[in-house]
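In: below is the sequence, then the predicted model.
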Amino acid sequence: MWRLGLGRSRRRIVNDFVAAKATTAARAIAYEPADQRTFRRLCGYGAIVEDGAGRYHLDAGRLGAFRGAVRRRAAAIAATSGVVASAAAAATVFALAE
C-alpha cells in the first residue's frame, strides 16, 4: 500500500515542476518537497537537477529513464513472485498427492 504513495509523491513532484515550467536550467525554481525521500531519489537519479544555488529543474530525458528503471524493477518483482507462487503451488500439489 505504501508503494502506491511513492508513485503518487513522484507524480506530485513532477507535476509541480511541469506546472512551474521548470524544465530547463534557465527556468529552475526553488522547491521544498513534501516528500523528501522521493525528491532525493529523483535528484539522485538525475531526473531533478540542482543548479548549485538551491534551485531545481526537471530533466525530462532522465525522468523517462528513471520511469523505465522503475517499470523494469516492478516487472522483475512480479515475475519472481509468480515463479515463487508456482513453485509453492506445485509443492502443495505434490505433498497432497503423496
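Out: That came through, no problem. Numbers count the residues shown, from 1 in each chain.

In: would you map the helices across the protein?
Out: Secondary structure of the chain, counting by DSSP state H: helices at 2-19, 36-45, 60-97.

In: tell me which of the ones you listed sits most buried.
Out: Among those, the stretch with the highest mean neighbour count (mean count of other Cβ atoms under 10 Å) is helix 36-45, at a mean of 15. The C-beta positions use only the backbone N, C-alpha and C, and glycine is treated the same way.

In: got the contact list for stretch 67-85?
Out: The contact list for stretch 67-85 (Cβ atoms under 8 Å, 6 or more residues apart in numbering) reads Tyr45.

In: show me the shaky parts of this protein.
Out: 1-6, 68, 70 (pLDDT under 70).

In: repeat that with 90
Out: Applying pLDDT under 90 to the chain picks out residues 1-11, 34-35, 41, 44-47, 51-54, 60-98.

In: about what we covered before: can I get the helices of the chain in TSV including distance to Gly52?
Out: Output for those, formatted as TSV (distance: least, Cβ to Cβ, whole Å):
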stretch	distance to Gly52
helix 2-19	17
helix 36-45	13
helix 60-97	17
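
In: do you know which of those helices lies nearest Gly54?
Out: helix 36-45 (12.4 Å; Cβ to Cβ).

In: what helices and strands are in contact with that closest one?
Out: Applying 3 or more Cβ pairs under 8 Å, 6 or more residues apart in numbering; DSSP states H and E, one finds that helix 36-45 contacts helix 2-19, strand 48-50, helix 60-97.

In: and Ile29, which of these is closest to it?
Out: Nearest to Ile29, of all the helices and strands packed on helix 36-45, is helix 2-19, at 7.4 Å by Cβ to Cβ.
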